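Enquirer: Here is a sequence with its predicted model. Questions after.
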Amino acid sequence: MTRLAMAIDLASCVGCAACSIACKMENEVPLGVNRLWIRNTTVGTFPNLTVEHRPEQCLHCENPPCVPVCPTGCCFVRDDGIVDIDVKKCIGCSACIAACPYDARHMLPQGYVSKCDFCKHRVDEGRMPACVETCPTLCRTFGDLDDPNSPVSIAIREARRVDVLRPGLGTEPNLYYLNTPAAFGLVGETGGTL
Amino acid sequence: MTEFYGLPFSVHFWHWPTLIHFALVALAGGMVLVTAIASIKGHPKTRTYALITMVLIVLDLITLWVESPSRFRFTHVWLFLTITPTAPIWLGAWGLIISLGSSFFVWLDKGPKMLWNAGLVVGAALALTYPGLALAVNVNRPLWTPVLLVLFPLTGMVTVLGLAHLFKQAWAARWLVTVSIASAVMGIVYLFALATGSAEARQAFEYLWSHDGLWLSVGIAALLVAPVLIRRLPLLAGLVPILGATLVRSLIVEAGQAQFFGF
């Protein structure tokens, strides 16, 4: 079975935001909202300093909290693991926005909810999501987690360290952060210093 | 120091019309329960209560329609064409519709009364509990705790009992005192549980207290003064708990939208 996932190597990410811009262009995301944004955090105190450039977006969770709270069934998980929205059924109640622990969903002026869908229109054609294709440092990898030879499986296997956001919530995200600049992991998850 | 390129979704996704809905659904849900009890007991004013229930539900449904960003897409029909019992909003939608239908037939005074009474009891249970449930299921938002599963039905009943007391319904005074005090106690339990909870709960409590602490205290105090006012100032004894309950509910809905993830 296909289980699509993405990995972002934070040791390679320079925070250029090319992925964010590519996403905006590809998916015609309106001004004021984002499917993909970059969180830049300085960690440590001089002279022991580093910066974490962390792109964030929908994590396409294995246990997505946004799906069971949707009253019309418009939020669903595709067979390939993409958490998707059937906009024809969306009533704009924002229950899924409330349920998302990652602030990954937003309301569109048209009256329905939107978010990252791993560029499903491209994935269905066998292409990579726009953010993956655009990244100039090749820090993003995408593919099938159940295929041990897929780029994402190899990247995760070879990473020095693998983290996910808010693991305590049990959402089991399918977006992995590799090789965090700080030794303690992702900023804001466990706290700590360099 | 944290900076963003492009911001995630803003803190507030529910705005003031949603707060009106939370106030109206409290009144509507409470009134359904009053109608159910009146109908079961054969109270002489049952038909009047059923009519008031229908008016409140229709007002609430209109508010929901007005506040919906998809009001002209007419997608709300999917609420009734899908089966999603894990979604509190779906349960609430059915609760209100069942209550509306049952109230209508009770008002008509036709058909199997047992069935309409059962509909009112089920509808009241759903309409009173779903607002608190819709908040409490979001474990990622630390201000929306399981305490709301009790606090919201209680404050909902306070608003209806206050209204009944204002309209000089003799049975309302005793229940208003009891439910107001119970609501105030649950309000204090809610704050205490946050203040003594996990690190995230304590952070949420500090946020709530620094933003809305004064008004939340006023709301809880208003629930506590109903017993004092009930004999001396009957008009205020009805009005003050309604305002207190509505204030407490609104502040929790409004402030609870914050989650403290990485900010």
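Expert: Yep, that arrived. As the structure is a computational prediction, the values presented were derived from the model and not from experiment. Numbers count the residues shown, from 1 in each chain, chains lettered A, B, ... in the order given.
Enquirer: A:Ile38 bridge partners, please.
Expert: Applying DSSP bridges to A:Ile38 yields these beta-bridge partners: A:Pro55, B:Tyr5.
Enquirer: Burial check on the residue nearest to B:Ala127 when sequence neighbours are not counted, number of neighbours?
Expert: In this structure, B:Ala127 finds its nearest non-sequential neighbour in B:Gly29, 3.5 Å apart by Cβ to Cβ, 6 or more residues apart in numbering or on different chains. In short, each C-beta sits where N, CA and C put it, glycine included. Neighbourhood size, B:Gly29 [other Cβ atoms under 10 Å in any protein chain shown]: 32.
Enquirer: what residues are up against B:Gly29?
Expert: B:Gly95, B:Ser99, B:Ala124, B:Ala127, B:Leu128, B:Pro131, B:Pro153, B:Gly156 (Cβ atoms under 8 Å, 6 or more residues apart in numbering or on different chains).
Enquirer: Could you check the pLDDT of it?
Expert: Reading off the confidence values, B:Gly29 has pLDDT 97.
Enquirer: Three-state assignment for it, please.
Expert: The three-state label given to B:Gly29 by DSSP: H, G, I helix; E, B strand; the rest coil is helix.
Enquirer: sorry, back to before: what would the contacts of B:Gly29 look like in JSON lines with secondary structure and neighbour count?
Expert: Below are the contacts of B:Gly29 laid out as JSON lines (DSSP: H, G, I helix; E, B strand; the rest coil; neighbours: other Cβ atoms under 10 Å in any protein chain shown):
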{"residue": "B:Gly95", "secondary structure": "helix", "neighbour count": "25"}
{"residue": "B:Ser99", "secondary structure": "helix", "neighbour count": "31"}
{"residue": "B:Ala124", "secondary structure": "helix", "neighbour count": "28"}
{"residue": "B:Ala127", "secondary structure": "helix", "neighbour count": "33"}
{"residue": "B:Leu128", "secondary structure": "helix", "neighbour count": "25"}
{"residue": "B:Pro131", "secondary structure": "helix", "neighbour count": "25"}
{"residue": "B:Pro153", "secondary structure": "helix", "neighbour count": "26"}
{"residue": "B:Gly156", "secondary structure": "helix", "neighbour count": "30"}
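Enquirer: closest to A:Val113 among these?
Expert: Nearest to A:Val113 among these is B:Pro131, at 20.4 Å by Cβ to Cβ.
Enquirer: I'd like the distance between that closest one and chain A.
Expert: B:Pro131 sits at a distance of 12 Å from chain A (criterion: Cβ to the nearest Cβ, to the nearest Å).
Enquirer: what domains does the record give for chain B?
Expert: Domain assignment for chain B by automatic domain parsing gives B:1-138, B:142-263.
Enquirer: right, is stretch A:84-96 up against chain B?
Expert: Yes: Stretch A:84-96 reaches chain B (Cβ under 8 Å from any Cβ of the partner chain) through A:Lys88, A:Lys89, A:Cys90, A:Ile91, A:Gly92, A:Cys93, A:Ser94, A:Ala95.
Enquirer: The last one touches A:Gly73, doesn't it?
Expert: The reference is to A:Ala95. No: look at A:Ala95 against A:Gly73 with Cβ atoms under 8 Å: they stay out of range, at 11.9 Å.
Enquirer: Name the residue in the two with the higher neighbour count.
Expert: A:Ala95 (26 against 18).
Enquirer: So for that one, what's the pLDDT?
Expert: Taking A:Ala95 on its own, its pLDDT is 96.
Enquirer: One more: B:Ser70?
Expert: Taking B:Ser70 on its own, its pLDDT is 85.
Enquirer: Next: A:Leu194.
Expert: pLDDT, A:Leu194: 43.
Enquirer: For residue 184, what are phi and psi?
Expert: Using chain A. For A:Phe184, the backbone dihedrals are phi -80, psi -10 (criterion: degrees, to the nearest 10).
Enquirer: So which residues of chain A form strands?
Expert: A:4-9, A:37-45, A:48-56, A:75-77, A:83-85, A:106-107, A:113-114, A:140-144, A:162-163, A:175-178 (DSSP state E).
Enquirer: Most distant residue from the centre of chain A?
Expert: Going by Cα atoms, centre = their mean, the residue of chain A most distant from its centre is A:Pro47, 31.6 Å out.
Enquirer: how much space between it and chain B?
Expert: Using Cβ to the nearest Cβ, we find A:Pro47 at a distance of 16 Å from chain B.
Enquirer: what residues are up against that residue?
Expert: Per Cβ under 8 Å, 6+ apart, neighbours of A:Pro47: none.
Enquirer: and if you look at B:Leu194?
Expert: Going by Cβ under 8 Å, 6+ apart, B:Leu194 touches B:Pro142, B:Leu143, B:Thr145, B:Ala201, B:Arg202, B:Ala204, B:Phe205, B:Leu208.
Enquirer: Please type out the ChimeraX selection for whichever of these turn out to be buried.
Expert: A single ChimeraX command selects the buried members of the contacts of B:Leu194 (16 or more other Cβ atoms under 10 Å in any protein chain shown):
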select /B:142,143,145,201,204,205,208
